[in-house]
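Participant: Give the three-dimensional model of this entry:
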Amino acid sequence: MRERDPRRVIRRRRQARARVKILNVPPSGSAPDGSVTTEQAAEVTLPRAELERIWTPEYLERLARTYWRFLTRVSLGLLRVLYTPESREVVLLARPFVLLRFFAPEYEIRDDRGAVTWRIERGLLVAPAGRGKGYLRISVSRPAGDDGDAMATVRVGSIVASFFPLIGGWGWFSRIGKRLYQLTQLQIHVIVTHAFLRSLARLDLAPSVVGALLPAEKRDEVSPPVRR
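Facilitator: I've put the predicted structure just below:
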């Protein structure tokens, strides 16, 4: 195994504005209908003043945008996210190679929790039986009555639920396909999601492309998404 460059470790620590701890969560599971569910989560500890500053609907939307930006960066630009008023598409370089197409995001905003849910519509990675089923959700929550200390800890989670992977197959092939999915696509997803959660230590949340949750005075700064 290649040793870690101590200079890179020191540089990352200097850039970090928060601490991230990956949590152990129940392993992914599959349902009798062939769908799979997997969840990853982390605790992010940051200065309370910073948390209060970003604990707004605008920054929930920015967290969602940061996830898609990270996906493009970690894939070296091979994966792109296309925005329309009705959908989000993860494409391999360009259409028509749409790996995943989601409906427009749905937001849940409460005093102690926020969540963004993209319901799966279709895509090259989705089995025919899974079209219009399942979802991807990113959530962030803070303990009730969370106040007093100079530092605060929030939980950030990512879950893919009721997803029907095309690689999982169906019929007699499903037993092989299920194992193949676990060894390939699932492992890649877990590695990428954990890397995304760790990247939150920099608190570098990308501006939203759509600006659906921006305050009224800022909405003129965002151009509406163009169908491409």
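Participant: Am I right that residue 138 sits in a strand?
Facilitator: Yes. Looking at residue 138 with DSSP: H, G, I helix; E, B strand; the rest coil, it is inside a strand.
Participant: is it true that it touches residue 116?
Facilitator: Yes. Under the criterion of Cβ atoms under 8 Å, residue 138 makes contact with residue 116 at 5.2 Å. Just so you know, the C-beta spots here come from the backbone N, C-alpha and C atoms, and that holds for glycine as well.
Participant: any shared contact partners between the two?
Facilitator: Common contacts of residue 138 and residue 116 (Cβ atoms under 8 Å, 6 or more residues apart in numbering): 63, 64.
Participant: host element of the most centrally placed residue in the chain?
Facilitator: Ranked by distance to the mean C-alpha position of the chain (Cα atoms, centre = their mean), the top residue is residue 67 at 4.7 Å. Secondary structure assignment for residue 67, by DSSP states H and E: helix 57-74.
Participant: Please point out which parts of that helix sit buried.
Facilitator: Within helix 57-74, the residues scored as buried using 16 or more other Cβ atoms under 10 Å are 58-71.
Participant: Could you export those residues as CSV, including distance to residue 177?
Facilitator: Listed next are these as CSV, based on distance: Cβ to Cβ, whole Å:
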residue, distance to residue 177
58, 41
59, 39
60, 36
61, 36
62, 37
63, 33
64, 30
65, 33
66, 32
67, 27
68, 28
69, 31
70, 28
71, 24
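Participant: could you pull out the strands for this structure?
Facilitator: 19-22, 29-30, 36-47, 79-84, 87-92, 98-103, 106-109, 113-122, 135-141, 151-163 (DSSP state E).
Participant: Which of those strands comes out lowest on mean pLDDT?
Facilitator: Mean pLDDT across the strands of the chain is lowest at strand 29-30; the value there is a mean of 84.
Participant: Tell me how far that strand lies from the chain's centre.
Facilitator: Mean-position distance between strand 29-30 and its chain equals 19 Å (Cα atoms, centre = their mean, to the nearest Å).
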